[in-house]
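Chemist: this one's structure only:
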DNA sequence: ATAATGACGTCGG
DNA sequence: TCCGACGCCATTA
């Protein structure tokens, strides 16, 4: 039996909810790629995650989910870059992409 | 049930 | 580094 009371926003598929949950866990200054999220969940794929973000991402720290090469979400580059600078997310020389080697979050608690 | 659609990823040139 | 081609997966028409 579910322990979670059904929220009004229960039109979301289980997958979409799972994706949004993970995104909310990403600490400020850290990021995950679309593929990372799918792997973390053990289901779905990068594209499916992107589809969810495109539709419901506005409610979560969407800028912390980006492409595998460190580039910000397609269509939201400028906004994302502002957030990165504000959160001091490690950027690559040139400042157009995130330095995944330093900013990538594996899912472990911040300690 | 089949086809089309993405805030994607990898590979080859 | 910059494409294009293909594969991938949930969602929607």
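Modeler: Cool, got the structure. These figures come from a predicted structure and were not determined experimentally. Numbers count the residues shown, from 1 in each chain, chains lettered A, B, ... in the order given.

Chemist: Quick check: residues of chain A near DNA strand C?
Modeler: Applying CB under 7 Å from any atom of the strand, we find that chain A lies next to DNA strand C at A:13, A:14, A:15, A:16, A:43, A:44, A:45, A:46, A:47, A:48, A:51, A:52. Where you see a C-beta, it was placed from the backbone N, CA and C, and this is true even at glycine.

Chemist: Of the residues you listed, which pair is most distant in space?
Modeler: Farthest pair in the residues of chain A next to DNA strand C (CB to CB) is A:14 and A:46. Separation: 18.5 Å.

Chemist: more neighbours, the two?
Modeler: residue A:46 (16 against 8; other CB atoms under 10 Å).

Chemist: Next, name the residue at the spatial heart of chain A.
Modeler: residue A:65 (2.8 Å; CA atoms, centre = their mean).

Chemist: Tell me how many other residues crowd the residue in chain A positioned nearest to DNA strand C.
Modeler: Using CB to the nearest atom of the strand, the single residue of chain A nearest to DNA strand C is residue A:13, 2.5 Å away. Using other CB under 10 Å, the number of residues around residue A:13 comes to 9.

Chemist: Hmm, residue A:29 is touching residue A:103, no?
Modeler: Yes: with contact defined as CB atoms under 8 Å, residue A:29 and residue A:103 form a contacting pair (7.0 Å).

Chemist: Nice, that's everything, thank you.
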